[in-house]
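> this is the structure alone, sequence omitted:
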């Protein structure tokens with residue numbers, strides 16, 4: 001399909017594709033202005049996504065109406081490169097994942113603050129390409145909205161978790177350093193498909209591959225006789241502690257029988273962690289925000305960073321790609337159910353359902369209700385579409401009985417034990433001091449204030465809000481614990 005620039009009657013260009021035009025043959029700019037007026041757009045829009053708007057005459061009236069909004073333009077054809085009537089803030093052309101581009105250009109934001117503007121003449125011309133573009137954009141907006149709502153609900157808890165986790169870095173804590181290697185790697189999630197892959201996982205791991213497991217999958221792997229090399233934890237909710245309680249219990253029993261040494265525990269700094277997880281070699285990583293990066297520097301942690309994407313499976317894959325130079329295989333990252341089976345067994349949350357069951361609500365009914373609740377939330381669909389948009393299918397492979405591992409001369413590695421860290425007195429006070437000093441720094445105070453606003457206040461802070469007092473208030477209990485412990 002060949003595009004051609006032709007003059008309209010007013011002298012501005014339009015685009016001719018076959019016998020159809022993308023813009024008016026008379027006055028494309030007037031057409032665009034009338035179209036924007038007809039949309040009756042809300043004033044609270046922060047981001048505008050243009051879906052194949054051709055020569056982008058829409059940008060001119062949008063700039064006048066929304067001078068502070070960020071405008072990104074996505075095209076179905078490379079023909080439009082550099083031909084916009086007015087430059088957008090960012091421009092996407094076919095050849096790279098739409099989701100990755102939008103993630104880099106648009107922060108997690110409520111859906112009502114993101115406006116997708118379609119240009120219908122382009123739909124008639126580009127057909128399926130246009131529809132796929134709209135689908136990818138819509139998927140991104142749903143995910144950005146879900147991430148924003150999650151941050152609004154749990155942001156304060158995440159900040160508290162980072163502060164509480166400072167106690168893990170105060171003294172004599174075994175730290176793990178990431179060591180890249182040529183070994184293959186298996187990433188195990190907790191989906192029901194994990195149970196069908198135990199034999200294949202065992203064979204691949206015995207061949208020298210790393211086994212990286214999300215925390216919710218560890219119980220099932222243990223009961224299948226598989227010991228992860230690295231456990232990954234990202235969830236900041238207190239319920240996530242149930243998985244790690246089970247990990248600590250099982251490995252304590254194994255240690256008592258002269259079993260294998262505990263694996264490394266890789267975790268986001270905002271994850272909810274039990275205080276006794278110091279039995280593991282710890283591999284903390286940040287989500288790339290200034291707030292967490294400052295915490296890493298405060299305690300001289302390895303500068304490892306993976307963005308939060310709402311699912312620990314994504315972070316586990318990011319870690320696997322970082323550590324392994326070989327093939328990366330997956331098992332149990334299903335984002336789907338097997339009838340009412342939502343996870344591989346045993347699963348830490350099943351105990352909650354077992355205790356809640358009674359004669360009127362038997363266990364089977366509770367399991368059915370849980371499966372229906374997860375399905376109706378749409379989370380599995382959002383995450384599955386996100387994984388597809390990341391082109392992970394080109395990089396990862398499902399582990400099967402036919403999987404052939406790559407011989408590696410360097411042997412299995414992935415993490416190495418670090419020397420014990422020197423004592424850090426009053427680690428919470430130290431971190432809070434670092435953050436307060438950063439709020440007073442002209443170079444980074446704006447960025448840190450923006451991040452803390454999203455985490456603590458669900459948006460822009462009111463006039464005169466003092467984040468120094470906010471940090472002192474949140475950390476007060478933990479600083480009191482430091483004083484009591486001397």
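All right, it came through fine. Just so we're clear, the structure is a prediction, and the values are computed from it rather than from any experiment.
> dihedrals phi and psi, the residue most central in space within the chain?
In the chain, the centroid-proximal residue (C-alpha atoms, centre = their mean) is residue 309; its distance is 1.1 Å. Residue 309 adopts backbone torsions of phi -130, psi 10, taken as degrees, to the nearest 10.
> and it, how close does it get to residue 315?
7 Å (C-beta to C-beta, to the nearest Å). For every residue, glycine as well, the C-beta is placed using N, CA and C.
> common neighbours of the two, please.
Both residue 309 and residue 315 lack any common contact, where contact means C-beta atoms under 8 Å, 6 or more residues apart in numbering.
> now the strands for the stretch 51-200 of the chain?
Assigned by DSSP state E, counting those that start in this stretch, the strands in the stretch 51-200 of the chain fall at 70-74, 90-92, 114-118, 176-179, 185-188.
> most tightly packed of those?
Mean neighbour counts were taken over the strands of the stretch 51-200 of the chain using mean count of other C-beta atoms under 10 Å, and the top value, a mean of 30, falls to strand 185-188.
> could you say what helices and strands that one packs with?
Contact analysis of strand 185-188 by 3 or more C-beta pairs under 8 Å, 6 or more residues apart in numbering; DSSP states H and E lists helix 198-206, strand 210-214, helix 312-323, strand 328-331 as its packing neighbours.
> who wins for proximity to residue 481 among those?
Closest approach to residue 481 among the helices and strands packed on strand 185-188 is made by helix 312-323 (28.4 Å; C-beta to C-beta).
> can I get the helices and strands packed on strand 185-188 in CSV including mean neighbour count?
CSV is the format used below for the helices and strands packed on strand 185-188 (neighbours: other C-beta atoms under 10 Å):
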stretch, mean neighbour count
helix 198-206, 17
strand 210-214, 26
helix 312-323, 23
strand 328-331, 25
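> could you dump these to a markdown table with mean pLDDT?
A markdown table is the format used below for the helices and strands packed on strand 185-188 (pLDDT from 0 to 100):
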| stretch | mean pLDDT |
| --- | --- |
| helix 198-206 | 91 |
| strand 210-214 | 93 |
| helix 312-323 | 89 |
| strand 328-331 | 90 |
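> nearest to residue 28, out of those?
Closest approach to residue 28 among these is made by helix 312-323 (41.8 Å; C-beta to C-beta).
> tell me the gap between the closest one and the middle of its chain.
When distances are taken as C-alpha atoms, centre = their mean, to the nearest Å, helix 312-323 is centred 11 Å away from the chain's centroid.
> which residues of the stretch 301-450 of the chain fall in helices?
Taking DSSP state H, counting those that start in this stretch, the helices of the stretch 301-450 of the chain run over residues 312-323, 350-356, 363-377, 379-389, 427-439, 445-452.
> could you tell me the least trusted of those?
Comparing mean pLDDT across the helices of the stretch 301-450 of the chain, the lowest value falls on helix 379-389: a mean of 61.
> nearest spatial neighbour of residue 429, chain-adjacent residues omitted?
Nearest non-adjacent residue to residue 429, counting by C-beta to C-beta, 6 or more residues apart in numbering: residue 479, 5.6 Å away.
> pLDDT at that neighbour, what is it?
With respect to pLDDT, residue 479 has a value of 90.
> tell me the contacts of residue 308?
147, 234, 268, 287, 315.
> between those residues, which is nearest residue 347?
residue 234 (17.3 Å).
> so this structure: which segments form each domain?
3-149, 170-417, 425-484 (automatic domain parsing).
> ranges for the strands of the stretch 201-350 of the chain?
So, for the stretch 201-350 of the chain - with DSSP E, counting those that start in this stretch - the strands run 210-214, 230-233, 264-268, 281-285, 328-331.
> what angle separates the fourth one from strand 264-268?
With axes from the mean of the first three to the mean of the last three C-alpha atoms, to 10 degrees as the criterion, the two stretches strand 281-285 and strand 264-268 enclose an angle of 20 degrees.
> average model confidence for strand 281-285?
89.
> quick one, that strand and helix 312-323 angle?
100 degrees.
> chain center to strand 281-285: distance?
Taking C-alpha atoms, centre = their mean, one finds strand 281-285 lying 18 Å from the centre of the chain it belongs to.
> the third one too?
Remark: strand 264-268 is offset 16 Å from the chain centroid, using C-alpha atoms, centre = their mean.
> quick check: mean pLDDT of that strand?
Here the average pLDDT along strand 264-268 is 92.
> neighbouring strands - and their directions - for it?
Strand 264-268 pairs in its sheet with strand 230-233 (parallel), strand 281-285 (parallel), by DSSP bridges.
> and these, which is most packed in?
strand 230-233 (a mean of 28).
> what's that strand in contact with?
Contacts of strand 230-233 (C-beta under 8 Å, 6+ apart): 210-215, 218, 240, 243-244, 247, 263-268, 271, 273, 280, 283, 312, 315-316, 319, 323, 414-415.
> ok, which of the domains of the chain comes nearest residue 159?
Set against residue 159 and scored by C-beta to C-beta, the domains of the chain come closest in domain 425-484, at 5.4 Å.
> if we can go back for a sec, how near is the residue nearest to the centre of the chain to residue 115?
23 Å.
> likewise for residue 310?
23 Å.
> can you pull the contacts of the closest residue to residue 88 other than its chain neighbours?
The shortest distance from residue 88 to any non-neighbouring residue, by C-beta to C-beta, 6+ apart, is to residue 73 (4.0 Å). Residue 73 makes contact with 50, 53, 56, 59, 84, 88, 90, 91, 92, according to C-beta under 8 Å, 6+ apart.
> neighbours of the spatially closest residue to residue 346 that is not a sequence neighbour, how many?
Take residue 346 and drop its neighbours on the chain: the residue closest to it by C-beta to C-beta, 6+ apart is residue 219, 4.9 Å away. When neighbours are defined as other C-beta atoms under 10 Å, residue 219 has 24 of them.
> could you check how far residue 174 is from residue 187?
On the measure of C-beta to C-beta, residue 174 and residue 187 end up 24 Å apart.
> residue 242 now?
For residue 242, the distance to residue 187 equals 21 Å [C-beta to C-beta].
> likewise residue 233?
14 Å.
> hang on, residue 430 packs against residue 437?
No. With contact defined as C-beta atoms under 8 Å, residue 430 does not count as touching residue 437 (10.9 Å).
> mind checking which of these two has more residues around it?
Neighbour tally, residue 430 and residue 437, criterion other C-beta under 10 Å: the higher count belongs to residue 430, 17 against 13.
> so who does that one touch?
Applying C-beta under 8 Å, 6+ apart, the residues near residue 430 are 166, 298, 424.
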